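1. Predicted coordinates and the sequence they were generated for:
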Amino acid sequence: TVTMGISLLDCADADPRRACEKIYEKITRLAGRLVAVADEVAAEYGVPVTNKRISVTPIALVAAASGVQSPGGMLQFAHVLDRAASEVGVDFIGGYSALVDKGRTATDQALMESLPAALGVTDIVCASVNVASTRTGINMAAVAQMGSVVRECAWATADRGGLGAAKLVVFANAVGDNPFMAGAFHGVNEPDVVLSVGVSGPGVVERALRTVRGRPFEECAEVIKRAAFQITRMGQLVGQTVAERLGVRFGIIDLSLAPTSAVGDSVAAILEEMGLSQVGAPGTTAALALLNDAVKKGGLMACGSVGGLSGSFIPVSEDINMIRAAQSGAISLAKLEAMTAICSVGLDMVAVPGDTPAATIADECAIGVMNSKTTAVRLIPVPGKGVGEVVEFGGLLGWAPVMPVAGLPVGEAPVEGAEAVEGAEAVLSSAAFA
């Protein structure tokens, strides 16, 4: 994955229409050759660059300068991002985002309310909302609102299996140099334009582990480190070459192992190659911890510009072995949540029944806040589907069985009660945990 991060701060304008014109001009000017150059470099080095993407400044910051305070007003920004990204031919554009871990402005609120419509009418726009951080705590009012928004995004795209929710990430401790979608945005402390790379290669690591099958963990770790070193060096070479030819600054390498739903490209398969009977069995979290530790150590030896999330992704719908484990009942939502204390992000691409409240957002935020790590939720409450039924998202997003949610579902009364304190911005401070 190569992702061009573009600052839109200089596109701010009192007139929202003029701001949108500036946004379109800047994105198409800077990223116009991104896809062609990435494909050119990939062909030269014989390394596939599967995804070409753009991330931009959290759009709520740009729209605030235009005085936009209504969901309808925000939609023009979603449309221009979609139009510009389609023009340059990238797969996705991220940054339809708001940072509300401590509080919400009127524009932040408008963006959050606009999400179901924005993700329903655009094709390749991705969105994220950061609702918590270790420094400020958890904004519980924002968590409650995003629980409703996630369901609304799914129902607004019910004809596509709830795809809108698959393009929305709710974060704790979001980072501004993440090259992966759907949560990528260009942080305000980043350069004007920068090119970053997200390495993948779980298949390479799995094949390397086959050479030490049945050997002690120490030997497995050394093999993973060597494979991560090789993957990272190649990713750095590709990224630096693309950046040089585009005349932009090279940013970071994100060491996260990112699977796809294709056979032979699975993070879960790596864990099973390390000795698990199936992902989800006892020892899964320990194996994931070893994998992350070895990947980071091997990658850091290969490149000094490591950033982003850097670990391992465990998206259910994008990992064929994870899909099989979910279908067989070997892995549950509770086990996935435990694994999020170790992995790169959190509950990712998990399909749940369409009438299930997204009540796990607060749990994931607590894990992130207390462990000073990035966590996130990308749940898809699939409209009209029950447990065990399959939903197809298409392309790289894959497919997944609808997983059961243990315990009684959270009713509407607690959600409404939390929303009732919106005006006071209920923030659960990290100091409260001391």
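-> The structure has been received and is ready for your questions.

2. pLDDT wise, what is Glu422 at?
-> Glu422 is assigned 39 on the pLDDT scale.

3. swap in Ala43?
-> 92.

4. what about it, how many neighbours?
-> Ala43 is flanked by 11 other residues according to other C-beta atoms under 10 Å. C-beta coordinates here come from the backbone N, C-alpha and C atoms, glycine included.

5. Same question for Gly247.
-> Gly247: 9 neighbours (other C-beta under 10 Å).

6. Val49 now?
-> 21.

7. so how far is Gly89 from it?
-> Between Val49 and Gly89 the computed distance is 13 Å (C-beta to C-beta, to the nearest Å).

8. Across the sheet, point out what pairs with Leu347.
-> Beta-bridge pairing of Leu347, defined through DSSP bridges, involves Val377.

9. The closest residue to Pro71 other than its chain neighbours and Asp10: what is the separation?
-> Nearest non-adjacent residue to Pro71, counting by C-beta to C-beta, 6 or more residues apart in numbering: Ser114, 3.8 Å away. From Ser114 across to Asp10, the span is 23 Å (C-beta to C-beta).

10. Who has more neighbours out of those two?
-> Ser114 (24 against 11).

11. ok so, going back, return the set of buried residues in the helix or strand containing the residue nearest to Pro71.
-> Assigned by DSSP states H and E, Ser114 belongs to helix 106-121. Neighbour counts over helix 106-121 (16 or more other C-beta atoms under 10 Å) mark 107-120 as buried.

12. export the residues you listed to a markdown table and tack on pLDDT?
-> Shown next, in a markdown table, are these (pLDDT from 0 to 100):
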| residue | pLDDT |
| --- | --- |
| Thr107 | 96 |
| Asp108 | 96 |
| Gln109 | 96 |
| Ala110 | 96 |
| Leu111 | 97 |
| Met112 | 96 |
| Glu113 | 96 |
| Ser114 | 96 |
| Leu115 | 96 |
| Pro116 | 96 |
| Ala117 | 95 |
| Ala118 | 95 |
| Leu119 | 95 |
| Gly120 | 92 |
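
13. Could you dump these into TSV and include distance to Lys296?
-> Listed next are those as TSV, based on distance: C-beta to C-beta, whole Å:
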residue	distance to Lys296
Thr107	37
Asp108	33
Gln109	37
Ala110	39
Leu111	33
Met112	33
Glu113	38
Ser114	37
Leu115	33
Pro116	37
Ala117	39
Ala118	35
Leu119	32
Gly120	38
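
14. Name the nearest of these relative to Asp319.
-> Leu119 (23.1 Å; C-beta to C-beta).

15. Leaving out sequence neighbours, find the closest residue to the closest one.
-> Gly164 (4.0 Å).

16. repeat for Ala269
-> In space, Ala269 is closest to Asn321, 4.6 Å off (C-beta to C-beta, 6+ apart).

17. Gly299 and Ser328: what is the separation?
-> Noted for Gly299: a distance of 32 Å to Ser328, by C-beta to C-beta.

18. Looking only at neighbour counts, state which of those two leads.
-> Gly299 (24 against 11).

19. you'd agree that one is in a strand?
-> No. Counting by DSSP: H, G, I helix; E, B strand; the rest coil, Gly299 falls outside a strand, being helix.

20. who touches it in this structure?
-> Listed by C-beta atoms under 8 Å, 6 or more residues apart in numbering, the contact set of Gly299 reads Val199, Ala228, Phe229, Ile231, Thr232, Ile253, Leu255, Val306, Ser310.

21. ok, which stretches of the stretch 151-300 of the chain are helices?
-> Counting by DSSP state H, counting those that start in this stretch, the stretch 151-300 of the chain has helices at residues 163-166, 202-209, 217-246, 267-273, 284-302.

22. Any chance of CSV for these, columns distance to Gly394 and mean pLDDT?
-> Converted to CSV, the helices of the stretch 151-300 of the chain look like this (distance: least, C-beta to C-beta, whole Å; pLDDT from 0 to 100):
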stretch, distance to Gly394, mean pLDDT
helix 163-166, 8, 88
helix 202-209, 21, 83
helix 217-246, 26, 88
helix 267-273, 21, 88
helix 284-302, 28, 83
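
23. nearest to Gln69, of the ones you listed?
-> Gln69 sits nearest to helix 163-166 of all the helices of the stretch 151-300 of the chain, at 22.9 Å, using C-beta to C-beta.

24. remind me which residues of this protein are low pLDDT?
-> Residues of the chain that meet the criterion pLDDT under 70 lie in 261-263, 302, 307-308, 310-311, 355-359, 407-434.

25. Identify each of the strands in it and give its residue range.
-> 2-6, 52-56, 92-99, 125-133, 137-139, 168-172, 193-198, 249-254, 347-353, 375-382, 390-392, 399-401, 427-428 (DSSP state E).

26. would you list those strands in a markdown table and tack on mean neighbour count?
-> As requested, those are exported to a markdown table (neighbours: other C-beta atoms under 10 Å):
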| stretch | mean neighbour count |
| --- | --- |
| strand 2-6 | 29 |
| strand 52-56 | 27 |
| strand 92-99 | 27 |
| strand 125-133 | 28 |
| strand 137-139 | 24 |
| strand 168-172 | 29 |
| strand 193-198 | 26 |
| strand 249-254 | 24 |
| strand 347-353 | 25 |
| strand 375-382 | 28 |
| strand 390-392 | 17 |
| strand 399-401 | 23 |
| strand 427-428 | 20 |
